[in-house]
Each structure stands twice: as C-alpha cells, then as structure tokens.
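Engineer: everything below, folded, please.
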Amino acid sequence: MNKNLVIGAGISGKNACRLLLSRKQSVILYDGDVNKDKAALAEEMGRDENLEIVLGTLSDELLSQVDRCIVSPGIPMDAPIIVQVREKNIPVWSEIELAYSMAKGRLIAITGTNGKTTTTALTGEICADYFESVFVVGNIGNAYTSEVNRTLDTSVTVAEVSSFQLETIHQFHPQISAILNITPDHLNRHGDMDTYARVKEDVTKNQTRDDVCVLNYEDQRLREFAEICPAHVLFFSSKQEVPQGAWMEGENLWLNVDGEKEKIINIHELNLLGAHNYENVMAAVLMAKSIGIPMDSICRTLKKFQAVEHRIEFVAEKKGVAYYNDSKGTNPDAAIQAIRAMVRPTILLGGGYDKGGEFDEWIQAFDGKVKLLILMGATAQKIGETAKKYGITSVAYVDSMEEAVEVAAGNARNGDAVLLSPACASWGMFPNYEVRGKIFKDLVNHLDD
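Structural biologist: Numbers count the residues shown, from 1 in each chain. As a prediction, this is how the structure comes out:
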C-alpha cells in the first residue's frame, strides 16, 4: 500500500491510525473540522513520521497518493468526502474490514437491530470461560482495531457489528455469524427498510456452507433470508420448536443441532428478564455450540451472567418503587421488549432524537401497564400525538432528565416501576445512551429511600 486515508479523527479513526502505524504503514488522518487541534492530534498519535494530519479540505494531489480509505462508522456514505474518494476509485473500508484483514484466529460476528450488546457480551463470556485467548470487540465499546495486534492463531474474537460498519466490508468473513432481528432503525441513514436489511444480511456475504449463521425464526424477513443465506443456518425461536437450532418451550430452553433434543436451561436459573433476553441466550448458546464449547461449560456461564448495563438494568428500589435503566432502548422495538418485561404498573420515560421511525407499535405494546408516560427531547410531541391516537392521555412533557425523574418519583406509588426506555437515540440532549443512562441512575440513587 502507498498511503492509507483514515477519515474521522474520533476514537474510531485514531484506533485505525494506531493499528496502521504499528504495521509501519503511511497514513493520512483527515477530519473536516478545521477547528481541531492538529498539534494535539499529532502529539496524541506519537508524532509518527508515517502520519500526516489534514483538516478541512483534502486536495486531489493528496488523494492521488491514496490506495485505501478507512472510514469511521459515523460518517455516512453520501458525505462529500466519501463521494470525492469514490470518484477517484479508491476502495472504502470499514474499520472492521481493516481489523479483520490483520487479525488472527476465529471470528464470531453478531448483528441485528436489538439485543446485539447483550448477546455479544454473553457469547464473549461463554467463550472466555472455555478458551484461553478471547477478545470481545466492536460496537460493544472495545474497538476491533485496538485488539488486533494481540490476537493469536488460537484466538476467538466475538464482535458486535453495526449496519454502519457492514456498509463497507469486502473480505470480512466470520466463521459464525448471527442476525438477531431486523426492525426499523437508522432509516435516516439507510433510506428504507430493504436497504437496511440488506446491509445487516451482508454479515454473511463471504460465508460458505462450512460456516454457520444463527437467525431468528420469528422474524419473517430472516426466515425468508435463510433460503438464500450462503452459510449453514441454525434458528432460534421463543414461540415454537425448530428443526435445527434452539427454542423456548414453557419455562425451558431446548436445543437440537445434532438430531437429538437436549435441554439447555430453565429460564428461572438465568439473571435476565424477558422473552427477548431468552432469545439472546439461545442465540449465544447456538454460537457457542457451533464453535465447539460443551453444554456443561455453557450452562455454568449462563447461570452467572448478569444483564448488560443500560439494558433493562435494575437500578434501585426507593419507597417500594423499582427503577430500571433501559437507556440502550434507542428504537421502538428495543423499547417494546423492555415494557413487555415489566411486571408492575409502570411510569415510562421516553423520547429523544428523531431517527425517522414511527412509534405506533411501541405505544400499542403498553398493554395497560403504563400509568404515566413522561416525554422529553425532539420526539416528545410526536410520541405524545401517537399516544393520544391510541387513547393514552396520561402524558407529561419535561425538559430534562432531572425533571423527568422528579415527576416520576412524585407520581410513583409503592409497587410501581419507573422505566427509562426512550425508544429514541440520545443525541441532542446527551452525547450517547451511556451518559443518558448514567445520569438517570445518579438521579435515582440520590432519591430519598
């Protein structure tokens, strides 16, 4: 390679730069923000002689030296800089493509609209309890590019991959993949559901019949995709027995991958709530079995695994009211799973950034559980109008998380639940869903007992 162009001087871009520089490759780190401190960036990157930093405008002369472009996930494919790069016929790679090209060992890749983080964390923990060298990377918060140089031929890497990352893969080839579900999300970037679904399905594009893909049998789109999926398909279902895969029957999870029915675990032995989490467990079990982990080892890990932070996370009980943090519920389908998991009368905190989705199915899923809906952010009025359409009039509008928690605590009674499950992204009010969830938890923990 002559030179690599890395677009975006955020965490993702910096990690890609470090990996390339560690391999003695020449890098141009580009960011369109002319106000960034070039000297500070150079210092942070170790003032490497193979690194050139460019802010604002990228000249055609510099582009003529570039053989490959690595793009940060947050940069859309129709951004002017990406259009400029593609007009020069320069290949555009995602950070996961770059990491994959240099990594060793076996790869498990997990995608889907909801459940990715819990399933990735659980699969990673199952693998880590059995194999010596395991890396859990990707959207879960640990960049794949930051771990590549530590991987061995014997390593297993478990990666949570997003649609943004899958848009620009080329040779990315997991031995085991999973698509947990496909529901409307990120339509402001992908344009329509068919495009969004195809990007998710691309996690399998380089797989063969020697590989495994785990799919949700209850997702009609994925059931149809199974017919053309290039990998060997295993299904999971929370509603019915499947011929090859895992399913829920009563209070037990069952497995059949070798022609013999085998009980996995009773759901009451798990520390996770809700049918969606039982689906996540089944997906993780199928991936673990497919990579050679025995069931006794899998079950030991299942029994000790705790819920991922910000995903229907129990925060505290105050004056008999249970508070739950589901800040990671950044779209209506994820928020539906959270409200379904509630077993108490619920005060629900929702609203945030508008990604272009609709909220009808979320409102319809309240099923009489929601005694008060507290709304904030750009989508507050849109959600409120949707709630009104379905006869829900107990709605409060607030301007901050502090006010939301205050209103919730003032209206909650012994035996109620307060659930933060926004059905929207955090942008506009918070830097990310983690910050949103932590602020909520801090406010709850400072309430009087």
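Engineer: tell me the spacing between the residue with the largest distance to the centre of the chain and Q25.
Structural biologist: Distance from the centre of the chain peaks at E61, with 38.0 Å (C-alpha atoms, centre = their mean). According to C-beta to C-beta, to the nearest Å, E61 stands 20 Å off from Q25. All C-beta spots, glycine's among them, are computed from the backbone N, C-alpha and C.
Engineer: going along the chain, name the helices of the stretch 201-350 of the chain.
Structural biologist: 220-225, 275-290, 295-304, 332-341 (DSSP state H, counting those that start in this stretch).
Engineer: most tightly packed of these?
Structural biologist: helix 275-290 (a mean of 26; mean count of other C-beta atoms under 10 Å).
Engineer: list the contacts of stretch 223-230.
Structural biologist: 179, 197, 201, 204-205, 207-209, 211, 213, 215, 217, 233, 235 (C-beta atoms under 8 Å, 6 or more residues apart in numbering).
Engineer: recalculate using a threshold of 6 Å.
Structural biologist: Outside stretch 223-230, the residues that touch it by C-beta atoms under 6 Å, 6 or more residues apart in numbering are E201, T204, Q207, C213, L215, Y217, V233.
Engineer: A322 bridge partners, please.
Structural biologist: Judged by DSSP bridges, the bridge partners of A322 are E317, A417.
Engineer: is it true that F430 touches R436?
Structural biologist: Yes. Between F430 and R436 there is a contact at 4.1 Å, judged by C-beta atoms under 6 Å.
Engineer: what about I126, which SS state?
Structural biologist: Using DSSP: H, G, I helix; E, B strand; the rest coil, the structure places I126 in helix.
Engineer: neighbours of it, how many?
Structural biologist: Using other C-beta atoms under 10 Å, I126 has 26 other residues around it.
Engineer: mind checking how far it is from I81?
Structural biologist: For I126 relative to I81 (C-beta to C-beta), the value is 40 Å.
Engineer: need the max-distance pair from the contacts of stretch 223-230.
Structural biologist: For the contacts of stretch 223-230, with distances taken as C-beta to C-beta, the pair at the greatest spread is Q207 and Y217 (18.9 Å).
Engineer: wait, T330 touches A425, no?
Structural biologist: Yes. The pair T330 / A425 is scored as a contact, 4.9 Å apart, by C-beta under 6 Å.
Engineer: what about the two, which has more around it?
Structural biologist: Taking neighbours as other C-beta under 10 Å, T330 and A425 compare with T330 leading, 27 against 23.
Engineer: residues contacting the more buried one?
Structural biologist: Counted by C-beta under 6 Å, 6+ apart, T330 has contacts A425, Y433.
Engineer: that one and F440, how far apart?
Structural biologist: 14 Å.
Engineer: among the helices of the stretch 201-350 of the chain, which is nearest D360?
Structural biologist: Across those, D360 has its closest neighbour in helix 332-341 (8.4 Å, C-beta to C-beta).
Engineer: which outside residues touch that closest one?
Structural biologist: 113-114, 183, 273-274, 276, 312, 326, 329, 357, 359, 361-362, 365, 421, 423.
Engineer: cool, and stretch 379-390?
Structural biologist: Applying C-beta under 6 Å, 6+ apart, the contact partners of stretch 379-390 are G351, D354, F359, D360, I363, L373, L375, V395, Y397, C424.
Engineer: if we use 8 Å, what do you get?
Structural biologist: 350-354, 358-360, 363-364, 373, 375, 393, 395, 397, 423-424.
Engineer: narrow these to those in strands?
Structural biologist: G350, L373, L375, V395, Y397 (DSSP state E).
Engineer: out of these, who's nearest L41?
Structural biologist: Using C-beta to C-beta, the ones in strands among the contacts of stretch 379-390 come closest to L41 at G350, 38.1 Å.
Engineer: run a quick neighbour tally on the closest one.
Structural biologist: 30.
Engineer: nearest spatial neighbour of L180, chain-adjacent residues omitted?
Structural biologist: Among residues not flanking L180 along the chain, G112 sits closest, at 3.1 Å (C-beta to C-beta, 6 or more residues apart in numbering).
Engineer: was I right to think N414 contacts G320?
Structural biologist: Yes. Using C-beta atoms under 8 Å, N414 is in contact with G320, at 3.3 Å.
Engineer: of those two, who's got more company?
Structural biologist: G320 (11 against 8).
Engineer: list the contacts of that one.
Structural biologist: Neighbours of G320 in contact, by C-beta under 8 Å, 6+ apart: R413, N414, G415, D416.
Engineer: any idea how far D416 is from it?
Structural biologist: 8 Å.
Engineer: give me the low-pLDDT residue ranges for the protein?
Structural biologist: For the chain, the stretches flagged by pLDDT under 70 are 1, 184-191.
Engineer: so which strand or helix has the nearest residue to Y144 once chain neighbours are set aside?
Structural biologist: Leaving out its chain neighbours, the residue that sits closest to Y144 by C-beta to C-beta, 6+ apart is A99, at 3.7 Å. Taking DSSP states H and E as the definition, one finds A99 inside helix 95-102.
Engineer: count of residues packed around E434?
Structural biologist: Neighbours around E434, by other C-beta under 10 Å: 15.
Engineer: for the helix or strand containing it, give me every contacting residue.
Structural biologist: Assigned by DSSP H and E, E434 belongs to helix 433-445. Applying C-beta under 8 Å, 6+ apart, the external contacts of helix 433-445 come out as 309-310, 313, 315-316, 318, 323, 325, 327-328, 330, 349, 352, 401-402, 405, 418, 420, 422, 425-426, 429-430.
Engineer: which positions within that helix qualify as buried?
Structural biologist: For helix 433-445, burial by neighbour count (16 or more other C-beta atoms under 10 Å) applies to Y433, R436, G437, K438, I439, F440, K441, L443, V444.
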